[in-house]
Structures are given as structure tokens and as C-alpha cells.
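Novice: sequence isn't available, so here's the structure alone:
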């Protein structure tokens, strides 16, 4: 009952905080602006997965579908930059509940063009992002990234080459290294979502779940919810009960959750931000609490699927 009430409060907060044009906006970046399409796709998907009524989400889906870049087929994290793989993947997963088959097929073609020879997926296509980073190369932003590969593989319905890359690139004790977030918790959860149910990846998934349980989320409900979502199986419920109670206790009265900084911004040529400290700006948190609340909603919704 407590989980159900928490989910309802989060749904209400999110619906009350979308803008009049049907979009959600969050992460107001210094000297840049606020992010739109990525936040809208991610939040819409969280609401769909939580069992929220699809009828009020149709207007939001239409607003997002109309913002697809018709020239290349993808979506951008905001209207100032070129399409990227991650935003496009979340848009596909959200819009797939509402039809839009032509838009989705075009978007899948865009994602397929971002696949590297080794099966991984890059965030940005080099020739598209080049005008936005004058004087810099983009080996990092345009190289294969594990969390992007996991999301892209899911959006494509389980891309075999992407999944194979994740299996081959997993660390000896499970998990992967993170690129766009400041803890490995995000990539490890996404990797589990992409590989769970695959026989050949069973040990990797189990080891990564164990690694998540040992992770330190600090005072971040964002990371706490990912630990929960990655370990939501009947056999692991006793292992995450404390995490669940902590997450529920962290919810604010308005139904939202607030996290410290989680996004990091490696310099475009930086291919190993876990070893290379070069960044283009400071780490960022979601000031409007929409991204964190959406992530927490996904985590709690995964529990409800087990009738908890």
C-alpha cells in the first residue's frame, strides 16, 4: 500500500509539472539552456511503465513525435543540438505504446547507423556533432559507450550485436564503466535491463546485480532506485528491502525526489572519464526533480510488477 501511494504521488507530481506544450523540461545547464526531448521521452516512458492511464499521455506522445528530426530520423536531447542515440532510444520505447510506426522505423534506422563495428553504439554521429564542438575531436562522444549500447539494444527489440558487445565488454566481476553519469550504478542497471533473460549472460547479470547491491548510492534517490530496479527479482527481494524503505522515506511531500549531481560531461575526445578527469563543465543535477522522480517511479513500478 505504501509503494502504491508513493507511485501515485510521483505520477501526480510529474503530470502537474509538464509544460503547456506537452513537454517536460529539466537540467537547466549553465550557459546553455534546459533539456527537453530526452526528459520528455524518459518521463513518458516512466509513466507508461508505471501503469498510468495512456489517454492523457497521448497528447505528450504527439508533441514528442512532432519534434523528430525528419532529415536524419532521430531526436535530440534539446532543440539546440543534433539527434543522439540515447534520446532516440527512449523516444522509441515511449512512442511504441501509441503507434507511430513510421516515425519509430525511421528512428530505428537512425540508431542502426550509430552502431560501431564491434557492436557497441555511440552517442553522437561524428559529422553531425562536429559543428557543435569546434576545435575538438569526438572520440569519446562518438565512440561506443556501454550505457548507450544497452538502451539502444532495448529500443531495437534486443539487438544481438549490441548485447554481444555488452557480454564481451563486461568487467571480470560484472558490470561496466560509466560515461555520462558520475557513478557506475546507472550503466550497471541499464546493462542488466538489456541482458536479463539471456542464458549466455546469466552470470554477468547475476554478478552485476551483486555489484549493484554493494554500490554506495549516498544520499541520491536516483541511484538508490536504480539499485532496486536492477535487483527486482523474487529471489532478491529480501536483499533490497532496506533500499526500498530508504527510497520511500526520501520522497518529498509533493511526490518528487531530489538528488545531488549525477550527470557528468566528459570532454568530447575523452574516451575513459573514469581515468581521465577532463570535463567541459561541472557535474549537474536535475533542478526541477523530474528526471530523478521519473527514475524512482520506474524503480518502484518494477516492484509492483512482482505484486509487492
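Specialist: Received the coordinates, thanks. Please read all numbers here as calculations on a predicted model, not as lab measurements. Numbering: from 1, shown residues only.
Novice: list of residues touching the helix or strand hosting residue 151?
Specialist: When secondary structure is defined by DSSP states H and E, residue 151 falls within helix 146-155. Helix 146-155 has contacts (Cβ atoms under 8 Å, 6 or more residues apart in numbering) with 85-86, 88-90, 92-93, 108, 111, 114-115, 119-123, 159, 162-163, 165-166, 169, 176-181, 186-187, 190-191, 193-195. Just so you know, the C-beta spots here come from the backbone N, C-alpha and C atoms, and that holds for glycine as well.
Novice: can you check stretch 118-134 too?
Specialist: In this structure, residues lying in contact with stretch 118-134 by Cβ under 8 Å, 6+ apart are 72, 81-86, 111, 113-116, 138, 141-146, 148-149, 152-153, 161-162, 164-165, 168-169, 179-180, 268.
Novice: and the end-to-end length of it?
Specialist: Counting by Cα to Cα, to the nearest Å, the length from the leading to the trailing residue of stretch 118-134 is 28 Å.
Novice: quick one: distance of it to the chain centre.
Specialist: Here the centre of mass of C-alpha atoms in stretch 118-134, compared against the chain's by Cα atoms, centre = their mean, to the nearest Å, lies 18 Å away.
Novice: again with stretch 269-277
Specialist: From the chain centre to the centre of stretch 269-277 is a distance of 20 Å (Cα atoms, centre = their mean).
Novice: what of stretch 176-194?
Specialist: On the basis of Cα atoms, centre = their mean, stretch 176-194 is displaced by 9 Å from the centre of the chain it belongs to.
Novice: now do stretch 134-150
Specialist: 16 Å.
Novice: straight-line length of that stretch, end to end?
Specialist: Start-to-end span of stretch 134-150 (Cα to Cα) is 29 Å.
Novice: what does stretch 229-238 give?
Specialist: Using Cα to Cα, the end-to-end distance of stretch 229-238 comes to 14 Å.
Novice: list the contacts of it.
Specialist: 188-189, 192-193, 208-209, 212-213, 239-240, 243, 298-299, 302-303, 305-306, 308.
Novice: pull out the buried residues from it.
Specialist: Buried residues in stretch 229-238, defined by neighbour count with 16 or more other Cβ atoms under 10 Å: 229-233, 236.
Novice: all helices for the chain, in order.
Specialist: Listed in chain order, the helices found in the chain under DSSP state H are 2-16, 37-49, 55-65, 85-95, 101-112, 126-129, 146-155, 160-169, 185-195, 202-214, 221-230, 237-250, 290-304.
Novice: how far off centre is the second one?
Specialist: With Cα atoms, centre = their mean as the basis, helix 37-49 stands 9 Å off its chain's centre.
Novice: what packs against it?
Specialist: Counting contacts by 3 or more Cβ pairs under 8 Å, 6 or more residues apart in numbering; DSSP states H and E, helix 37-49 is packed against helix 2-16, helix 55-65, helix 85-95, helix 290-304.
Novice: any chance of those helices in TSV, plus mean neighbour count, mean pLDDT and distance to residue 49?
Specialist: Below are those laid out as TSV (neighbours: other Cβ atoms under 10 Å; pLDDT from 0 to 100; distance: least, Cβ to Cβ, whole Å):
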stretch	mean neighbour count	mean pLDDT	distance to residue 49
helix 2-16	17	97	11
helix 55-65	17	97	11
helix 85-95	27	98	9
helix 290-304	25	95	5
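Novice: need those helices in JSON lines (columns: distance to residue 218).
Specialist: Shown next, in JSON lines, are the helices and strands packed on helix 37-49 (distance: least, Cβ to Cβ, whole Å):
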{"stretch": "helix 2-16", "distance to residue 218": "20"}
{"stretch": "helix 55-65", "distance to residue 218": "32"}
{"stretch": "helix 85-95", "distance to residue 218": "24"}
{"stretch": "helix 290-304", "distance to residue 218": "13"}
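Novice: of all those helices, which one is nearest residue 219?
Specialist: Taking Cβ to Cβ as the measure, the helices and strands packed on helix 37-49 were each checked against residue 219, and helix 290-304 came out nearest at 11.8 Å.
Novice: for that closest one, name the packing helices and strands.
Specialist: For helix 290-304, the contact count by 3+ Cβ pairs under 8 Å, 6+ apart identifies helix 2-16, strand 26-29, helix 37-49, helix 221-230, helix 237-250 as packing neighbours.
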